[in-house]
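S.K.: Sequence and predicted structure below; questions after.
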Amino acid sequence: MQSNPSILSIAYLPSIRYIKELFNSKIAYLEKHETYRKQTYRNRCVIYSANGALPLSIPVIKPQGNRTKVCDVVLDNSVKWRREHWRAIESAYKNSAYFEYLKDYFEQYYVKEWKYLWDFNLSILETIMAILEVKVELKETKSYIKDYDSNFNDLRRLADENKKELPNNSQGEEYFQVFENKHGFISNLSVFDLLCNCGMDSRIFLIKKGAFSPLNK
């Protein structure tokens with residue numbers, strides 16, 4: 001457990017590692033005032049489809065161009081990305097053990113039209129936290145700080161992986177995945193993959209990996 005507060009960038013259906021780091025802190029600050037960067041997990045997640053790792057990217061609009069803060073990034077709803085993403089998610093996980101249960105929580109995000117990427121991602125994150133029944137004090141940064149001192153655990157880099165750097169079947173504990181017999185185990189996908197395949201046992205998997213502090217067990 002991290003005694004120091006963590007600093008994380010917002011992420012779309014965040015990875016297992018992201019959730020692990022988030023829940024390993026008593027307090028987590030979400031970076032609200034950084035400049036938005038493209039080709040990162042701020043608007044992108046990776047799921048496990050019948051063809052292997054599948055990245056899903058949300059099209060966005062930057063009102064202030066390259067100086068746009070992440071909290072001001074607008075979802076490009078002129079593109080039917082919500083329908084495409086949900087179809088991909090449903091196709092990938094409809095045969096998983098817990099998809100029907102999770103569908104009631106997540107399908108709403110692909111029906112309602114959201115304006116801001118920040119609000120969309122934050123609401124999904126709060127839903128994930130509620131499902132996992134973990135209480136972490138979430139706060140938002142008040143201003144941008146480039147370099148934090150040793151009193152903070154700066155994890156903003158977790159959202160900066162390039163889109164070419166897909167999860168792989170390297171190391172780490174494994175759990176059952178629907179298409180594992182075709183492509184093997186793929187690690188560090190969106191936590192949605194873990195939830196669909198393990199349900200509330202996801203807590204056990206994450207506790208074994210040190211994701212939950214004793215206060216949250």
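M.R.: Perfect, I can see it now.

S.K.: For this structure, give the helix that spans the most residues.
M.R.: helix 117-132 (DSSP state H).

S.K.: Would you indicate which residues of the helix or strand just after it are buried?
M.R.: Scanning forward in sequence from helix 117-132 by DSSP states H and E, the next helix or strand is strand 137-140. Buried residues in strand 137-140, counted by 16 or more other CB atoms under 10 Å: Leu138. (C-beta placed from N, C-alpha, C; glycine too.)

S.K.: List the strands paired with strand 137-140, with their directions.
M.R.: strand 27-31 (parallel) (DSSP bridges).

S.K.: Give me the contact list for the helix or strand following the partner strand.
M.R.: Counting by DSSP H and E, the next helix or strand C-terminal to strand 27-31 is strand 44-49. For strand 44-49, the surrounding residues in contact (CB atoms under 8 Å, 6 or more residues apart in numbering) are 11-15, 53-58, 88-89, 91-93, 163, 166-167, 177-179, 183, 186, 189-190, 192-193.

S.K.: and Ile7, helix, strand or coil?
M.R.: strand (DSSP: H, G, I helix; E, B strand; the rest coil).

S.K.: how close does Gly184 sit to Gly52?
M.R.: According to CB to CB, to the nearest Å, Gly184 and Gly52 sit 9 Å apart.

S.K.: Comparing these two, which shows the higher neighbour count?
M.R.: Gly52 (15 against 12; other CB atoms under 10 Å).

S.K.: Got the phi and psi for the more buried one?
M.R.: Here is the backbone geometry of Gly52 (degrees, to the nearest 10): phi 110, psi -160.

S.K.: which residue packs closest to it, ignoring adjacent ones?
M.R.: His183 (4.6 Å; CB to CB, 6 or more residues apart in numbering).

S.K.: How many residues are close by the one you found?
M.R.: His183, neighbours per other CB under 10 Å, totals 15.

S.K.: if we can go back for a sec, which among the contacts of strand 44-49 count as buried?
M.R.: By 16+ other CB under 10 Å, the contacts of strand 44-49 give 11-15, 53-58, 89, 92-93, 167, 177-179, 186, 189-190, 192-193 as buried.

S.K.: Quick test: name the residue nearest the centre of the chain.
M.R.: Pro14 (0.9 Å; CA atoms, centre = their mean).

S.K.: What are the boundaries of the strands in the protein?
M.R.: 6-9, 27-31, 44-49, 52-57, 60-61, 74-75, 137-140, 153-154 (DSSP state E).

S.K.: could you give the mean pLDDT of the first one?
M.R.: When pLDDT is averaged along strand 6-9, the result is 92.

S.K.: Render the CA-only coordinates of that strand in CSV, please.
M.R.: What follows is strand 6-9, C-alpha atoms only, in CSV (Å, rounded to 0.1, in the frame of the first residue of the first chain):
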residue,chain,number,x,y,z
SER,A,6,-0.9,8.9,-6.1
ILE,A,7,-1.2,11.1,-9.2
LEU,A,8,-2.8,9.4,-12.3
SER,A,9,-4.0,10.6,-15.6
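
S.K.: And the spatially closest residue to Gln64 that is not a sequence neighbour, how close does it get to Leu22?
M.R.: Among residues not flanking Gln64 along the chain, Asp72 sits closest, at 6.7 Å (CB to CB, 6+ apart). Using CB to CB, we find Asp72 at a distance of 23 Å from Leu22.
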